[in-house]
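Dropping the sequence and predicted coords here.
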Amino acid sequence: MHGNTSAWLYVGDHGVPIDLRCGIDLTVATQLSIDVRKPDGTAVVWAAAVHELTSLRYTLQPGDLDASGTWRLQAHVVAPGSDRRGATAILTVRPRYG
């Protein structure tokens, strides 16, 4: 699984889709999420949806990007007989007005 994220995001941005290419057909998946590690080490999970059969998508909500720094994102796909995680994608979040 490969990450594909926007390169220019700032603290507080929302309404921006985050897509992670998985390279497998996700239509049979029973659970899709993005496991997130914030710059301070806090872990959160973003519920995702299928996008273009082999990618998953999460649209950033207000409050999601609450810190600047390096964020680590990992696709998590559960399907019948399978529980898989993808390669870690790096997302750089810049400080506002920085």
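Thanks, I have it.

Which positions are bridged to Val44 in the beta structure?
Val44 has these beta-bridge partners by DSSP bridges: Val36.

That one: neighbour count?
13 (other Cβ atoms under 10 Å). For every residue, glycine as well, the C-beta is placed using N, CA and C.

Likewise for the one 10 residues further on?
Per other Cβ under 10 Å, the neighbour tally for Thr54 reads 14.

Does it touch Ala29 like I think?
No - in this structure, Thr54 is not within contact of Ala29 by Cβ atoms under 8 Å, at 10.8 Å.

Contacts only, for Leu65.
For Leu65, the contacting residues are 9-14, 71, 93, by Cβ atoms under 8 Å, 6 or more residues apart in numbering.

Buried ones only from those residues, please, as a PyMOL command.
This is the PyMOL syntax for the buried subset of those, where burial follows 16 or more other Cβ atoms under 10 Å:
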select buried, resi 9+13+71+93
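
distance of Trp8 from Arg94?
Per Cβ to Cβ, to the nearest Å, Trp8 is found 7 Å from Arg94.

higher neighbour count, the two?
Each of Trp8 and Arg94 had its neighbours counted (other Cβ under 10 Å), and the higher figure belongs to Arg94 (15 against 9).

which phi and psi does the nearest residue to the more buried one once chain neighbours are set aside have?
With Cβ to Cβ, 6 or more residues apart in numbering as the criterion, Arg94 has its nearest non-adjacent residue at 5.0 Å, and that residue is Tyr10. Taking degrees, to the nearest 10, you get phi -120, psi 150 for the backbone angles of Tyr10.

From Ala48, how far off is Tyr10?
Applying Cβ to Cβ, the value for Tyr10 to Ala48 is 22 Å.
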